[in-house]
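> kindly generate the corresponding structure for this input.
(2 chains)
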Amino acid sequence: MSKRVVIVGGGVGGTIIANLLAKKMRPELKKGEVVIDVISDKPEHFYQPGLLYMLFGLKHHDELVRNEKDLLDPMVELHLHPAVKIDKDKNEVHLKNGVVMKYDILVLATGSRPAPDMIPGLKEGGNWFYELDACMKLRHELVNFKGGKIVLTIGLPHKCPVAPLEVSYMLDEWFRQRGIRDKVDYTYTYPIGRLHGLEPVANFAAKTFPKHGINTETLFNMKEVDVNKKTVTSLEGVSLKYDILITIPPHKGAQVIEDSGLGQNGFVPTDKFTLKMEGSNNIYVVGDTTNLPISKAGSTAHFESDVIVENIASELREGLTPFRYDGKVFCFIETGMTKATYIMFDYNTPPNPVAPSALIHWFKLTYNKVYWLTPMGIL
Amino acid sequence: MNHFERHNESVVIVDIRGVSCCMPPVGEFIIEMRQQPKDTVIELLTDKKEEVEEIKDWIERVHQKTLSVIEETGYWRIFAKKVTDM
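Down below sits the predicted model:
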């Protein structure tokens, strides 16, 4: 009787796990002792970090998309039907087409998405670049902008926590290049009492923002947006006027997680070391889907995937799951259009942003081109 | 069973002890306070003493209610109730 590993989600985490596991378990796959299935609701795999560059016309849609089927190992079965229910007591995943898939081991890689409708008026008044259509709308707004007030607001939780910093630095330089920086009043807000969740990054921003003419407002948690008055008001009682409201909306996880009772707002309670769903022995959680208090970033999913694959393989072969995730995350941070820094940290080792350089910026641009090797399990 | 569960109040526990490089406790607290329904009691466990006052200040500022702060050995338990929608 073969063992079936079912992965729900065809984003970076789900695809890496499928491919690395297929490589590692090749002998068992060939003998039919192990079967790997990926369930995805769409045939394309989208490189989300590329949207930051699309916003400035530096990337085109075609550069950011590949067929998921082409990225997956040929021995992995792809099912392009959305999962609508997960029954953890019966070890079943129910697909929209009526198929019920039994699993021995389940990986939840369902990701997260902006949920602007969680804040009254935000969907109508705000602009965000975390989704394709919204990114293109914001691009048009910015290209046609002649000057005025731009306010950037951030909801919690959200993915890619350095992107709000990056877009702020990049907009500053972009407006300078267009000769209208002196006409732009730019305010960056943040929900807690400093400029970023990671203290060293907050200190880096506090040191560099004044040089970029970026105003700041901390302890700003969006309460509502008044589209007619063009104001955004915080729970803390501060109201800011805007001409363009750029926002990182609060995020939600996948609906199937909520509908299956696996986690509020689609985020699954997860053991921070084993990456197993709390209270479960055969469900792993990766990337944005966890409720862990760490960055929801592609690199997080990448490093978590390594641990999950080792544990699944070890469990199938030896009945042991000895590998532990240490909280490792790596993020590039663009500090303008020509320079970048980076941070690397784990649960107990804080990041230390290095001096921005053109070299790191080019490294990031290079990674953007070779990203596809990551979900393929090569890089 | 803790004091609040004995009084039939729903308690959500957020334990972020032992993780020093992430969103600070006040950030995790904001996330939980916003997503839970009214009347939920949130218990935050943190080993960052300096953040306890920051959390209490934020709770007061957004018109929610701190119920108690208990110092345990090497960590703090903050109990707060979501008394109004936000």
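> host element of residue A:225?
Using DSSP states H and E, residue A:225 falls within strand A:222-226.
> identify the residues contacting the following helix or strand past that strand?
Using DSSP H and E, the helix or strand that directly follows strand A:222-226 along the chain is strand A:231-234. Here strand A:231-234 makes contact (Cβ atoms under 8 Å, 6 or more residues apart in numbering or on different chains) with A:125, A:151, A:153, A:189, A:219-226, A:239-242, A:245. Where C-beta positions appear, they are placed from N, C-alpha and C, glycine not excepted.
> restrict those to contacts with chain B.
A:219, A:221, A:223 (Cβ under 8 Å from any Cβ of the partner chain).
> what's the burial count for the residue in chain B positioned nearest to chain A?
Chain A sits closest to residue B:23 of chain B, with a gap of 3.9 Å, by Cβ to the nearest Cβ. Neighbour count of residue B:23, defined by other Cβ atoms under 10 Å in any protein chain shown: 23.
> over to residue B:70?
Residue B:70, neighbours per other Cβ under 10 Å, totals 13.
> could you look up the SS state of residue A:202?
helix (DSSP: H, G, I helix; E, B strand; the rest coil).
> surely it touches residue A:193?
No. Using Cβ atoms under 8 Å, residue A:202 is not in contact with residue A:193, being 9.2 Å away.
> these two: who's more crowded?
More crowded of residue A:202 and residue A:193, by other Cβ under 10 Å: residue A:202, with 19 against 15.
> wait, what's in contact with the more buried one?
A:194, A:195, A:196.
> spatially nearest residue to the second one, not counting backbone neighbours?
Among residues not flanking residue A:195 along the chain, residue A:205 sits closest, at 4.0 Å (Cβ to Cβ, 6 or more residues apart in numbering or on different chains).
> give me the below-cutoff pLDDT ranges for chain B.
B:1-9, B:20-21 (pLDDT under 70).
> who in it is up against chain A?
B:16, B:18-24, B:26-28, B:30-31, B:34-36, B:54, B:58, B:61-62, B:86.
> report the buried members of the residues you listed.
B:16, B:19-24, B:26-28, B:30-31, B:34-36, B:54, B:58, B:62 (16 or more other Cβ atoms under 10 Å in any protein chain shown).
> now, these that are in helices?
Among those, the members found in helices (DSSP state H) are B:26, B:27, B:28, B:30, B:31, B:34, B:35, B:54, B:58.
> I'd say the first one and residue A:190 touch.
No. The pair formed by residue B:26 and residue A:190 falls short of the contact definition of Cβ under 8 Å, at 11.4 Å.
> residue A:275 contacts residue A:283, correct?
No. In this structure, residue A:275 is not within contact of residue A:283 by Cβ under 8 Å, at 9.9 Å.
> might you list the low-confidence residue ranges for the stretch 1-150 of chain A?
Judged by pLDDT under 70, the stretch 1-150 of chain A has no weakly predicted residues.
> so where do the helices sit in it?
Taking DSSP state H, counting those that start in this stretch to define them, one finds helices in the stretch 1-150 of chain A at A:12-24, A:26-30, A:51-54, A:68-71, A:122-125, A:132-143.
> tell me, how many residues neighbour residue A:182?
10.
> so it sits in a strand?
No. Per three-state DSSP, residue A:182 lies outside any strand segment and is helix.
> what's the spacing between it and chain B?
34 Å (Cβ to the nearest Cβ, to the nearest Å).
> go on, residue A:166?
Relative to chain B, residue A:166 is positioned 18 Å away (Cβ to the nearest Cβ).
> okay, and that residue sits in which element?
helix A:163-177.
> need the next SSE after that helix, C-terminal direction.
Criterion used, DSSP H and E; the element after helix A:163-177 is strand A:184-189.
> now do the residue nearest to residue A:117 when sequence neighbours are not counted: how many residues are near it, please.
Spatial nearest neighbour of residue A:117, excluding adjacent residues (Cβ to Cβ, 6+ apart): residue A:123 at 5.2 Å. The local packing of residue A:123 (other Cβ under 10 Å) involves 18 other residues.
> surely residue A:123 meets residue A:116?
Yes. At 4.1 Å, residue A:123 counts as touching residue A:116 under the criterion of Cβ under 8 Å.
> can you point out the buried residues in stretch A:178-187?
A:181, A:184, A:186, A:187.
> how about the contacts made by the third one?
Taking Cβ under 8 Å, 6+ apart, we find residue A:186 in contact with A:150, A:152, A:168, A:171, A:172, A:213, A:214, A:215.
> any idea how far the closest residue to the fifth one other than its chain neighbours lies from residue A:118?
When you say that, I think you mean residue A:172. Distance criterion Cβ to Cβ, 6+ apart; nearest residue to residue A:172, sequence neighbours excluded, is residue A:212 at 4.3 Å. Using Cβ to Cβ, to the nearest Å, residue A:212 is found at 30 Å from residue A:118.
> show me the contacts for residue A:52.
Residue A:52 makes contacts with A:129, A:163, A:166, A:167, A:170, A:334, as judged by Cβ under 8 Å, 6+ apart.
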